[in-house]
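**Student:** Below: sequence and its predicted model.
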Amino acid sequence: MYYIIVNPSSKSGRGIRIWQKLKPVFQERKIPYKLMLSTHIGHVAEFTREITETDDNVYLIILGGDGTINEALQGIRDFSKVSIGYIPTGSSNDLARDMKLGKDPMKILDTILSGKVSRMVDIGTLTYGSRGEATSKLLNKDVPNDIHDKRYFVVSSGIGFDAAVCEEALSSNIKDLLNKLKLGKLTYLGIALKQLIAAKPVACDLYLDDKEPVHVKRFLFIASMIHKYEGGGFKFCPNADSSDGQLDLCFVGNIPRPLILIALPTAFFGKHYIFPHIFNYSAQKVEIKTSAPLWVHTDGEVYFKSDHIYLSCEKQKLKFLA
């Protein structure tokens with residue numbers, strides 16, 4: 001039995017359209033499946049919680065973006081019971097990019113169903129030391145059960161500029177339009193330029209594996225990454241290894257704004273470390289304290305601001321069928 005979870009709204013309806021093309025494969029091969037369509041924030045986590053509480057050997061196939069995978073992780077109670085097949089239908093698809101899944105959903109499905117290819121990947125955990133302002137998608141709404149003080153991530157978690165870009169993109173009407181025109185990356189680029197101008201000076205203390213802190217009087221963002229890419233193809237951590245049990249960090253400090261406008265495009269190629277005040281670190285455990293609350297994301301999903309977070313990496317915790 002395969003549990004098929006589809007985010008119908010991913011990339012302006014692309015998720016459901018791709019499922020309609022894949023559905024005949026299951027019917028023709030007489031492969032049993034159960035289809036689940038998400039309709040609201042937290043729905044995917046509700047699905048995975050229900051499935052993993054009642055089934056000891058779970059095969060999931062998820063059609064969505066990095067955010068859909070992220071939400072699925074929050075509901076899993078025992079990762080040893082779960083194997084995940086992923087067919088990317090989102091805007092960024094940074095997980096699929098680093099895993100080299102390709103762009104043909106039918107070929108990806110064939111690989112998943114063959115059962116011949118699997119890999120164990122790390123997952124990260126984010127724990128809020130403090131939790132402040134909520135993002136607009138949670139305001140005046142009941143907070144879903146999976147939105148709590150600890151969250152998993154499989155691509156990256158960031159605080160500061162990159163999370164602020166994600167937060168604005170999640171509520172952007174322009175994103176839907178550009179997705180329909182197959183220009184979704186421009187959403188992030190345009191918002192990034194706007195956020196650079198608006199960014200205020202914030203100090204930071206960064207603790208790596210309980211060592212003495214790295215202190216900077218002003219920083220732009222810190223991305224703690226399991227995979228190489230985030231934000232729709234920015235290769236912020238070109239040396240990241242998704243199975244080594246370590247978080248790779250891209251730390252952008254007090255770099256002048258005109259220079260960051262030059263450095264940012266080079267990050268598509270992983271060449272941004274040639275610029276001053278951009279640093280690369282690696283650690284299994286990370287603690288970050290900031291002088292003001294900033295947006296925090298996990299795999300592009302933003303819920304709260306914080307001025308104190310903990311991050312860690314759990315080695316080879318999740319099985320992917322790809």
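**Tutor:** Thanks, I have the structure now. Numbering: from 1, shown residues only.
**Student:** Mind listing what's buried along the biggest strand by length in the chain?
**Tutor:** As assigned by DSSP state E, the longest strand anywhere in the chain is strand 301-320. Within strand 301-320, the residues scored as buried using 16 or more other CB atoms under 10 Å are 301-309, 311-313, 317-318, 320. C-beta: built from backbone N, CA, C; applies to glycine.
**Student:** Packing partners of that strand?
**Tutor:** helix 66-75, strand 82-88, strand 119-128, strand 156-160, helix 161-170, strand 247-252, strand 285-298 (3 or more CB pairs under 8 Å, 6 or more residues apart in numbering; DSSP states H and E).
**Student:** Kindly recompute the last result at 6 Å.
**Tutor:** The contact analysis (3 or more CB pairs under 6 Å, 6 or more residues apart in numbering; DSSP states H and E) places strand 301-320 against strand 119-128, helix 161-170, strand 285-298.
**Student:** where's that strand relative to the chain centroid, distance-wise?
**Tutor:** 9 Å (CA atoms, centre = their mean, to the nearest Å).
**Student:** Could you list the low-pLDDT ranges of the stretch 51-200 of the chain?
**Tutor:** 136-148, 172-188 (pLDDT under 70).
**Student:** picking that back up, from the buried residues of strand 301-320, pick the one nearest residue 164.
**Tutor:** For residue 164, the nearest member of those is residue 302. The distance, counting by CB to CB, is 8.3 Å.
**Student:** you'd agree that closest one is up against residue 168?
**Tutor:** No: counting by CB atoms under 6 Å, residue 302 sits too far from residue 168 to count as a contact (9.0 Å).
**Student:** mind listing what's buried in whatever helix or strand residue 108 lives in?
**Tutor:** Element membership for residue 108, per DSSP states H and E: helix 105-114. Neighbour counts over helix 105-114 (16+ other CB under 10 Å) mark 105, 108-109, 111-113 as buried.
**Student:** Name the residues of stretch 29-46 that come out as buried.
**Tutor:** In stretch 29-46, counting by 16+ other CB under 10 Å, buried: 36-38, 41-46.
**Student:** and residue 317, what is it in contact with?
**Tutor:** 79, 123 (CB atoms under 6 Å, 6 or more residues apart in numbering).
**Student:** And for the one 4 residues further on?
**Tutor:** When contacts are counted by CB under 6 Å, 6+ apart, residue 321 is found next to 83, 85, 112, 118.
**Student:** likewise residue 128?
**Tutor:** 149, 306, 309.
**Student:** Try it again at 7 Å.
**Tutor:** 149, 304, 306, 309 (CB atoms under 7 Å, 6 or more residues apart in numbering).
**Student:** Residue 237: what secondary structure?
**Tutor:** coil (DSSP: H, G, I helix; E, B strand; the rest coil).
**Student:** isn't it right next to residue 251, touching?
**Tutor:** No: counting by CB atoms under 7 Å, residue 237 stays clear of residue 251, with 10.5 Å between them.
**Student:** Compare the two (neighbour count), which wins?
**Tutor:** Neighbours per residue (other CB atoms under 10 Å) separate residue 237 from residue 251, with residue 237 holding more: 27 against 21.
**Student:** how far away is the more buried one from residue 281?
**Tutor:** Separation of residue 237 from residue 281 (CB to CB, to the nearest Å) stands at 10 Å.
**Student:** Residue 267 too?
**Tutor:** For residue 267, the distance to residue 281 - CB to CB - is 16 Å.
**Student:** Then residue 206?
**Tutor:** Taken as CB to CB, the span from residue 206 to residue 281 is 8 Å.
**Student:** hey, what's in contact with both of the two?
**Tutor:** residue 251.
**Student:** Among those two, which residue is more densely surrounded?
**Tutor:** Applying other CB under 10 Å to residue 206 and residue 281 shows that residue 206 carries more neighbours, namely 22 against 18.
**Student:** you'd agree the more buried one is up against residue 219?
**Tutor:** No: at 8.5 Å, residue 206 does not count as touching residue 219 under the criterion of CB under 7 Å.
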